[in-house]
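1. structure, please.
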Amino acid sequence: MWKTALLLLFTFIVVPVLTFNFDVRPTDLQWTILKTSGIVYLVFASLCFLVSSATKNYSQVDKLWSIMPIGYAWIAYTYAPDVRILLMAILITAWGVRLTYNFTRRGGYSWKFWTGEEDYRWAILRAKPEFRAPWKWFLFNLFFISFYQMGLIWLMTVPIIKSAVAMPVSGWDYLLFAAGVGFVVFETIADQQQWDFQNEKHRRIKEGTISGTKYEKGFIHDGLFGIMRHPNYFAEQAVWVVIYLFSVVATGTWINWSIAGILLLIILFKGSSDFSEEISASKYPAYANYQKSVPRYFPLFGFGGKKDLPATAEAEVRE
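-> You can find the predicted model right below:
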């Protein structure tokens with residue numbers, strides 16, 4: 001885990017620097033938006049660290065994950081009020097409202113903003129041997145949970161700053177907007193299917209009627225989850241790929257200095273989905289077969305899932 005955290009921190013610095021130097025320098029307008037939003041990032045990252053350290057609730061960044069991008073988007077629109085930036089801001093707002101609602105109904109927020117449900121994965125991480133020393137968790141919270149994750153949220157929205165150029169809006173912008181809305185709807189459906197499954201599972205557990213039903217496996221494996229293991233993760237990344245593609249349309253170049261955010265997001269989701277699946281596999285005996293039969297993200301191309309293996313080879317993979 002330490003190696004993963006260090007890799008993410010390294011890429012957080014190196015990837016933006018390399019992409020920044022690869023591309024043309026920001027305009028004066030883009031510099032202004034970068035500086036303003038950068039100050040906002042530093043302030044809120046510091047607050048997340050202070051509040052999480054004081055309360056021992058390490059989901060402070062989780063509470064802001066869906067809210068901060070909306071703020072960054074409308075800051076950009078304030079400085080560059082054109083149609084393309086407006087479309088991007090509306091799409092980011094729709095994404096943020098959906099995710100905020102989903103986080104709210106799971107108990108993520110409270111009137112006492114520093115409380116609320118903590119992501120169960122933080123407790124699992126804290127219990128690992130490499131984080132039991134208080135100073136190690138202190139550093140992990142400072143650099144990864146607070147400043148890395150909040151920095152990633154900021155970098156995810158940087159394509160909207162890169163898009164603040166004189167290039168007129170085109171049909172590609174509207175096509176990207178429609179695709180982005182489609183991914184938000186897709187993710188909303190996945191969230192609802194998971195919500196319904198978990199509620200029904202816990203109801204049946206309470207009543208003692210879960211035996212012999214699909215809920216007995218413990219994890220959702222039908223609907224969108226029957227064609228890919230992480231439809232919500234897939235759509236989440238796809239929305240931000242679309243946001244980056246707006247900057248491609250605006251600049252006419254496929255690679256520009258705003259690409260760092262989406263690259264880091266994909267790396268983060270790879271680690272996050274691996275960790276989630278490790279937990280699921282340890283809790284649910286049927287999850288290993290689910291991993292073999294259902295791909296992680298791309299059912300149409302067969303990517304992401306493990307192929308059927310002989311028993312000995314499969315054991316080697318698990319080891």
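
2. which one is Arg121 nearest to, not counting chain neighbours?
-> Phe275 (6.4 Å; Cβ to Cβ, 6 or more residues apart in numbering). Just so you know, the C-beta spots here come from the backbone N, C-alpha and C atoms, and that holds for glycine as well.

3. which helix or strand contains that neighbour?
-> helix 260-283 (DSSP states H and E).

4. contacting residues around that helix?
-> 4, 7-8, 11-12, 15-16, 19-20, 121, 124, 152, 154-159, 218-219, 229-230, 233, 236-237, 240-241, 243-244, 287-288, 291, 296 (Cβ atoms under 8 Å, 6 or more residues apart in numbering).

5. how about stretch 253-272: buried residues?
-> 256-262, 264-265, 267-269 (16 or more other Cβ atoms under 10 Å).

6. out of those residues, which comes closest to Phe147?
-> Leu264 (13.0 Å; Cβ to Cβ).

7. gap between the closest one and Gln237?
-> 11 Å (Cβ to Cβ, to the nearest Å).

8. ditto for Phe246
-> For Phe246, the distance to Gln237 - Cβ to Cβ - is 15 Å.

9. which one of the two is surrounded by more residues?
-> The neighbour comparison of Phe246 against Gln237 (other Cβ atoms under 10 Å) goes to Phe246, with 25 against 19.

10. contacting residues for that one?
-> Per Cβ under 8 Å, 6+ apart, neighbours of Phe246: 84, 87-88, 159-160, 163, 173, 176.

11. now Pro295: which helix or strand?
-> When elements are assigned from DSSP H and E, Pro295 belongs to no helix and no strand.

12. that one touches Arg229, doesn't it?
-> Yes. Applying Cβ atoms under 8 Å as the test, Pro295 and Arg229 come out as touching, 7.0 Å apart.

13. between those two, which is the more surrounded one?
-> Taking other Cβ under 10 Å, Pro295 and Arg229 do not tie; Arg229 has more neighbours (27 against 20).

14. give the helix, strand or coil label for the more buried one.
-> coil (DSSP: H, G, I helix; E, B strand; the rest coil).

15. try Gln198
-> Assigned with three-state DSSP, Gln198 falls in the helix class.

16. looking at it, Gly71 is touching Thr36, isn't it?
-> No. Between Gly71 and Thr36 there is no contact under Cβ under 8 Å: 10.7 Å.

17. find the residue closest to Ile227 in space, skipping its chain neighbours.
-> Ile227's closest residue in space is Pro299 (Cβ to Cβ, 6+ apart), at 4.5 Å.

18. same deal with Glu117?
-> Excluding its sequence neighbours, the residue lying closest to Glu117 (Cβ to Cβ, 6+ apart) is Gly107, at 4.0 Å.

19. confirm that neighbour sits in a helix?
-> No. Assessed with three-state DSSP, Gly107 is coil; it does not lie in a helix.

20. count the neighbours of it for me.
-> 11.

21. next, give phi and psi for it.
-> Gly107 adopts backbone torsions of phi 90, psi 20, taken as degrees, to the nearest 10.

22. now do the one 10 residues further on
-> In terms of degrees, to the nearest 10, the main-chain angles of Glu117 are phi -70, psi 130.

23. now do the same contact list for it.
-> Applying Cβ under 8 Å, 6+ apart, the residues contacting Glu117 are 59, 106-108.

24. now render the buried residues of stretch 253-272 as JSON lines, adding pLDDT and distance to Lys206.
-> Converted to JSON lines, the buried residues of stretch 253-272 look like this (pLDDT from 0 to 100; distance: Cβ to Cβ, whole Å):
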{"residue": "Asn256", "pLDDT": "91", "distance to Lys206": "53"}
{"residue": "Trp257", "pLDDT": "90", "distance to Lys206": "53"}
{"residue": "Ser258", "pLDDT": "92", "distance to Lys206": "48"}
{"residue": "Ile259", "pLDDT": "91", "distance to Lys206": "48"}
{"residue": "Ala260", "pLDDT": "88", "distance to Lys206": "46"}
{"residue": "Gly261", "pLDDT": "91", "distance to Lys206": "42"}
{"residue": "Ile262", "pLDDT": "92", "distance to Lys206": "42"}
{"residue": "Leu264", "pLDDT": "87", "distance to Lys206": "41"}
{"residue": "Leu265", "pLDDT": "91", "distance to Lys206": "37"}
{"residue": "Ile267", "pLDDT": "85", "distance to Lys206": "39"}
{"residue": "Leu268", "pLDDT": "84", "distance to Lys206": "35"}
{"residue": "Phe269", "pLDDT": "88", "distance to Lys206": "33"}
